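> Output the structure for:
(chains A, B, C and D, ligands or ions: 4)
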2 protein chains.
Amino acid sequence: MIHCEKHNHCISTAIKHGEEICNEKGLKFTAIRRKVLELVWESHKPAKAYDILEKLAKEDGAPVPPTVYRALDFLLQNGLVHRLNSLNAFVGCSHPGLHKQCYFLICTHCEEVTECCTNQLGKAIGVSAKENSFTTESVSLEILGSCKTCSA
Amino acid sequence: MIHCEKHNHCISTAIKHGEEICNEKGLKFTAIRRKVLELVWESHKPAKAYDILEKLAKEDGAPVPPTVYRALDFLLQNGLVHRLNSLNAFVGCSHPGLHKQCYFLICTHCEEVTECCTNQLGKAIGVSAKENSFTTESVSLEILGSCKTCSA
DNA sequence: TAAGATATGTTATATTATATCATTTAAATT
DNA sequence: AATTTAAATGATATAATATAACATATCTTA
Ligand SMILES: [Zn+2]
Ligand SMILES: [Zn+2]
Ligand SMILES: [Zn+2]
Ligand SMILES: [Zn+2]
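Ligands and ions are numbered 1, 2, ... in the order given. Got it, this is the predicted structure:
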């Protein structure tokens, strides 16, 4: 379990990052994009696209899948959220712009996701790629298991 | 590009592994399971469930999705194939039974997949998990990029 | 204002995967 | 061998995830 005494703070920080990054890059942090980012950040658990869609529906008329997927793509593209391939789900990036390669500890009990970026691991991956004369473009590393709270 | 001079040999070895593993465990290497394993091994590229389904259809009447997914689940369960989460696809395991943790180099150009299992990387993951008091159950590591042939 | 680019709306459909229940086949038990 | 049980497969339906394609609106900037 992630200890965030004030999760509202997690959310507002994430939104601020969104604004900053869009400003820097001259992109538009539109209402939909903002709202989807908020919904992804509703918790530290993975958010499913169609769950986001439902929540969006409660506020904004009748959104459709492309609306959500477009927003998610935008957020992914700009490093504001990550996609968890093993779950077909999304989590907010905990430190947008500050890392190149990160990975995820996903608790299969409480479902919470911790984003990590040890340099060590990145280095090990680099070495391994080199050994295979492989040029790395992107890395997807997801570790499933029990978090501290849940395995205690 | 993977150099397998005789890919038939890859296939027959994979099938032999299937037979052996099922014998050892007292499981049935049924006709469907064998056929799906062969189809997964048709190349070193990721195989999609519905492509396998189509190929199966050309030989065996009118199979339906559950048929393929059941066979794939069985093969996954018994370490004969791996699922590539980032591609929703499957590859044959290149050394069934001989490793615990492996990862994949996936060439985005020729699509070929190389299965690796450096101990070093496994160790690095272990260290990182420990630092987070995380108990690892399974790891999904997929590296996208260019293979030797394709980046040359 | 007009032209171009970006974002969103809208409809339809593609792709991936599972639930459920019936039937068959194989194995174990009597 | 017949009976019971378990495992595998058949069959139908549907769930869950994601994208294509084209129309419209909004925002830029020339
Ligand atoms: Zn929080
Ligand atoms: Zn947990
Ligand atoms: Zn081969
Ligand atoms: Zn290649």
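
> Could you list the buried residues of the helix or strand where A:Ile143 lies?
When elements are assigned from DSSP states H and E, A:Ile143 belongs to strand A:135-146. For strand A:135-146, the neighbour count (16 or more other C-beta atoms under 10 Å in any protein chain shown) marks A:135-136, A:139-146 as buried. For glycine as for every other residue, the C-beta is placed from the backbone atoms N, C-alpha and C.

> what packs against the worst-scoring helix or strand of chain A on mean pLDDT?
The weakest-scoring helix or strand in chain A, judged by mean pLDDT, DSSP states H and E, is helix A:119-131 (a mean of 89). Contacting helix A:119-131 under the criterion 3 or more C-beta pairs under 8 Å, 6 or more residues apart in numbering or on different chains; DSSP states H and E are the following elements: strand A:135-146, helix B:119-131, strand B:135-146.

> A:Ile21: which of the ones you listed is closest?
Proximity to A:Ile21, assessed across these by C-beta to C-beta, is greatest for strand A:135-146 (19.0 Å).

> Mind checking the helices and strands packed on helix A:119-131 for the one nearest to ligand 4?
Closest to ligand 4 of the helices and strands packed on helix A:119-131, according to C-beta to the ion: strand B:135-146, at 6.0 Å.

> gap between the next helix or strand after that closest one and the chain center?
Following strand B:135-146 in sequence order, the next helix or strand is helix B:148-151 (DSSP H and E). From the chain centre to the centre of helix B:148-151 is a distance of 22 Å (C-alpha atoms, centre = their mean, to the nearest Å).

> got a list of contacts for helix B:148-151?
A:132-135, B:1, B:107, B:109-110, B:145 (C-beta atoms under 8 Å, 6 or more residues apart in numbering or on different chains).

> Stretch A:6-24 too?
So stretch A:6-24 is contacted by A:4, A:27-29, A:33-34, A:37-38, A:41-44, A:75, A:78-80, A:92-93, A:96-97 (C-beta under 8 Å, 6+ apart).

> Pull out the buried residues from that stretch.
Quick answer for stretch A:6-24 (16+ other C-beta under 10 Å): A:10-11, A:14-15, A:17-18, A:21-22.

> ok, now stretch A:85-97?
A:85-87, A:89-94, A:96.

> That stretch and chain B, any residue contact?
Yes. Stretch A:85-97 is in contact with chain B by C-beta under 8 Å from any C-beta of the partner chain, via A:85-86.

> measure that stretch end to end?
One end of stretch A:85-97 to the other measures 21 Å (C-alpha to C-alpha, to the nearest Å).

> cool, stretch A:95-115 as well?
By C-alpha to C-alpha, one end of stretch A:95-115 lies 9 Å from the other end.

> quick one: that stretch near ligand 2?
Yes. With C-beta under 5 Å from the ion as the criterion, ligand 2 is reached by stretch A:95-115 at A:107, A:109-110.

> What about these, which one has the most neighbours?
A:Cys107 (25 neighbours; other C-beta atoms under 10 Å in any protein chain shown).
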